[in-house]
Every structure is written in C-alpha cells, then in structure tokens.
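In: build the 3D model from these lines:
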Amino acid sequence: MDTLQNMRVFVRVVEAGSFTAAAQSLNSTTGAMSRAVSELEAHLRTRLLNRSTRRLALTTAGERYLKRSQQILADVDTAEEEASCAHERPAGALRMHSFASIGQHYVLPAISRYRALYPEVTVELTLSQRMPDLFEGSADVAVIGASTLPNSDLVSLPLGTTFSILCASPAYVRAHGAPQKPSDLAHHECLILHTPAFPAYEWVLDGPNGSEMMEVNGPVQVNIAESLIVAIREGMGIGMVPLYAAIAGLRDGTLVRVLPEYTLQKMNVYALYPSRKFVDAKTRTWVEFLRTHLPKVIARDEALLAEVGQMDATDDAVPVRAASIGGGDVAAH
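Out: Predicted structure coming up:
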C-alpha cells in the first residue's frame with residue numbers, strides 16, 4: 001500500500017466533498033478513490049469517513065487525521081519543491097574539499113568571485129592533503145592536483161596544468177652558490193615537500209636535456225608548500241615549490257629561482273564530483289565557473305614567471321644574484 005498516495009486521496013475526497021468529484025480532479029475513478037480510503041482505514045484500523053448515499057462526514061479520528069495529513073503533505077510538497085529548485089537556482093551550502101596549497105592559492109580566490117555571481121551559496125571549504133571519499137557525502141566537489149587519476153566512478157573535469165620550480169633564498173645563494181646543473185643538487189641542502197601526488201625523495205627535472213631524476217634528502221621535511229617557503233626564506237636550503245605558491249616570493253625578492261631552465265612535477269588540476277546525474281545548481285555552476293576561471297589564473301601565473309625572469313635577465317642592479325644563478329631568473333624587487 002502506498003500510504004502517502006492514499007493520504008493524498010483521503011484529503012482530496014474530503015476537500016472535494018465526494019468520491020466522484022475527487023476522482024474527476026485526480027483523473028481517476030470513483031472506485032479507485034473508495035478503495036484508497038478503505039485501504040487507509042484498514043491500515044489505521046479506524047474509520048475516517050462515515051459514508052451515506054447523500055454525503056460524507058468525518059469521524060472524530062478522521063478530523064484529527066485530516067489536519068495531520070494536510071500538514072504532512074504540505075511538508076512533502078515543500079521538500080520536493082526545494083529539491084527541484086536545487087537543480088535550477090544555486091543556493092545553500094556548497095561543501096568543498098581541496099588540497100591545502102591549491103585551496104589557498106586557487107580555490108579561495110575563486111570562491112570570492114563565484115559568490116559575487118551567486119551570493120545565495122555559502123561555502124564550507126576543507127583543506128587537507130588527503131583525497132576525500134566523495135561517495136560518503138563529506139563534500140560535493142573536490143579540487144586536487146595529480147599527475148594522473150586512478151580509475152573511479154567519480155566525474156573528473158581537467159581544469160589546467162601547472163608545475164613546480166626550484167627556489168632558494170637570496171641569502172642561501174650568496175652563502176652557498178647555486179647549482180648549475182641537476183647533479184649539483186647532491187652538494188646542496190634539499191628541502192623535502194611531501195604531497196599526495198608525487199614521490200617526496202625523487203625530483204624529476206624536465207629541461208634542455210629531457211628528464212633527469214635526482215634522489216634527494218634534506219634536513220627539513222614538510223607537507224604544506226607554504227611551510228616549505230618559510231624554510232626556504234630562512235635560508236635552510238633549496239626547495240621544490242609549486243608555481244602558484246612561488247610567484248609572490250619571486251616578485252618581492254624573498255625567493256630566487258635556481259636551475260631556471262628546469263621545471264618539475266607537471267601536475268594536472270581536477271575538479272571531482274560523484275555523478276553527472278541530478279547535479280544540483282550550486283555544484284554545476286561552481287564546476288562550470290572553475291572550468292572557465294582557473295585556466296586563466298594558471299596562464300597568468302606562467303606569464304608572471306616569464307615576466308620576473310625577463311626583468312632579472314636585464315637588471316644590472318643585482319649582479320651578485322644574477323651571476324650566482326647563471327642567468328638570474330629571479331625577482332628584481
């Protein structure tokens with residue numbers, strides 16, 4: 001028995017005043033209306049309507065049940081309307097997960113711009129170095145970086161490709177010089193960044209001679225790029241920094257790039273979400289926003305890196321720094 005449907009029939013019969021009128025309004029038959037109310041009474045083990053050939057009358061139990069049924073059906077209709085509107089109008093809480101550095105440099109600024117378009121959406125952002133289980137319902141969307149993705153039932157949307165570079169502090173370069181080729185890293189303090197996407201102790205440098213793999217170790221190991229930058233600025237050694245995290249330090253001169261002909265850890269940025277079916281409006285519009293916004297931001301970072309390098313290559317005001325890194329791909333300010 002469909003209790004909810006029989007409840008609807010009962011309420012409609014009472015409101016219409018007869019089984020026949022209710023049947024006409026619901027495009028059904030008088031017999032079907034009568035059976036639905038009888039099933040409901042049998043289920044409740046109480047009479048709701050006193051029937052005669054001329055009229056229907058609610059019993060005392062029927063009056064109480066009518067009020068409850070009307071409220072329940074109104075709540076159900078409201079819930080269905082809200083759920084349906086969720087697929088049409090972006091509103092409510094959007095739960096996001098992101099790897100920490102990507103979240104800080106890419107996702108949070110994007111959230112600001114997204115909410116300017118959709119102010120009825122609130123955001124719950126969790127930053128972590130772990131991949132969330134989206135099927136558990138802990139998040140609606142995840143933004144992660146990886147070289148490749150394992151096979152899964154998640155929908156993955158590529159948002160762009162970025163990379164890491166090697167950085168040191170000006171003080172470290174003045175004190176220890178800068179490596180001129182990848183093998184020189186064996187004679188330097190290499191700071192280790194642990195991430196979910198790449199091996200921590202193998203640096204694969206892509207440059208003029210193709211890919212060169214170096215095994216590295218060092219006195220300091222961290223799992224967040226921003227913490228690595230602090231260690232670099234303190235002169236502890238050379239670190240591999242994601243481009244998006246390095247740009248600010250390169251521009252203000254607190255970081256210098258070493259081995260500027262090389263990049264490391266080419267990384268794809270993805271948006272992940274559980275299903276293409278019945279994606280609500282806030283998730284759909286957020287993913288669409290990222291698809292158009294993030295490639296522009298990644299391209300901006302690459303342009304800024306080229307600009308910083310060009311400025312330093314022609315800047316005679318920092319001869320020590322330029323000479324020490326063999327071309328001076330560092331900030332001049």
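
In: kindly export stretch 166-173 (C-alpha atoms) in PDB.
Out: In PDB, the C-alpha atoms belonging to stretch 166-173 read as follows (Å, rounded to 0.1, in the frame of the first residue of the first chain):
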ATOM      1  CA  LEU A 166      63.300  25.100  -7.600                       C
ATOM      2  CA  CYS A 167      63.800  28.100  -5.200                       C
ATOM      3  CA  ALA A 168      66.200  29.300  -2.600                       C
ATOM      4  CA  SER A 169      66.600  32.400  -0.600                       C
ATOM      5  CA  PRO A 170      69.000  35.200  -1.700                       C
ATOM      6  CA  ALA A 171      71.000  34.600   1.500                       C
ATOM      7  CA  TYR A 172      71.400  30.900   0.700                       C
ATOM      8  CA  VAL A 173      72.600  31.600  -2.800                       C
END
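
In: now that stretch, how far from the centre of its chain.
Out: 33 Å (CA atoms, centre = their mean, to the nearest Å).

In: how near is residue 306 to residue 44?
Out: 76 Å (CB to CB, to the nearest Å). The C-beta positions use only the backbone N, C-alpha and C, and glycine is treated the same way.

In: sorry, wrong one. I was asking about residue 191.
Out: 72 Å.

In: what about those two, which has more around it?
Out: Shown here are residue 191 and residue 44; by other CB atoms under 10 Å, residue 191 has more neighbours (24 against 14).

In: what sits against the more buried one?
Out: Taking CB atoms under 8 Å, 6 or more residues apart in numbering, we find residue 191 in contact with 218-222, 228, 231-232, 236-240.

In: please redo it, this time with the cut-off set to 10 Å
Out: 167-168, 216, 218-222, 227-229, 231-232, 236-241 (CB atoms under 10 Å, 6 or more residues apart in numbering).

In: what does residue 22 give?
Out: 8-16, 28, 30, 32-34, 36-37, 56.

In: quick one: the helices in the stretch 101-250 of the chain?
Out: Along the stretch 101-250 of the chain, the stretches classed as helices by DSSP state H, counting those that start in this stretch are 108-117, 170-176, 225-233, 243-252.

In: what subset of the contacts of residue 191 is buried?
Out: 167-168, 216, 218, 220, 222, 227-229, 231-232, 236-241 (16 or more other CB atoms under 10 Å).

In: if you look at these, which of them are in strands?
Out: Counted as lying in strands by DSSP state E, out of these, are 167-168, 222, 238-241.

In: and which of the residues you listed is nearest to residue 63?
Out: residue 222 (69.5 Å; CB to CB).

In: show the pLDDT at the closest one.
Out: pLDDT for residue 222: 93.

In: might you report the residue contacts of it?
Out: Residue 222 neighbours (CB under 10 Å, 6+ apart): 191-194, 228-231, 239.

In: could these be laid out in CSV, adding pLDDT?
Out: Below are the contacts of residue 222 laid out as CSV (pLDDT from 0 to 100):
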residue, pLDDT
191, 95
192, 93
193, 91
194, 86
228, 94
229, 96
230, 96
231, 96
239, 96
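
In: nearest to residue 301, of those?
Out: residue 229 (15.0 Å).

In: before we move on, back to that, Throw the contacts of residue 222 into a markdown table and include distance to residue 127, thanks.
Out: Compiled in a markdown table, the contacts of residue 222 are given as follows (distance: CB to CB, whole Å):
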| residue | distance to residue 127 |
| --- | --- |
| 191 | 21 |
| 192 | 20 |
| 193 | 16 |
| 194 | 15 |
| 228 | 16 |
| 229 | 16 |
| 230 | 17 |
| 231 | 20 |
| 239 | 20 |
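
In: and those, which is closest to residue 161?
Out: Distances from residue 161 to the contacts of residue 222, taken by CB to CB, are shortest for residue 193, at 18.7 Å.

In: quick check: closest non-adjacent residue to the closest one.
Out: residue 228 (4.9 Å; CB to CB, 6 or more residues apart in numbering).

In: which residues does the one you found contact?
Out: 101, 167, 191-194, 220-222, 236-237, 239-242, 245-246.

In: go again with 8 Å.
Out: Contacts of residue 228 by CB under 8 Å, 6+ apart are 191, 193, 222, 239-241.

In: now residue 200
Out: Applying CB under 8 Å, 6+ apart, the residues near residue 200 are 192-194, 221.

In: for the stretch 51-200 of the chain, what are the low-confidence residue spans?
Out: 53, 78, 80-88, 131-138, 151 (pLDDT under 70).
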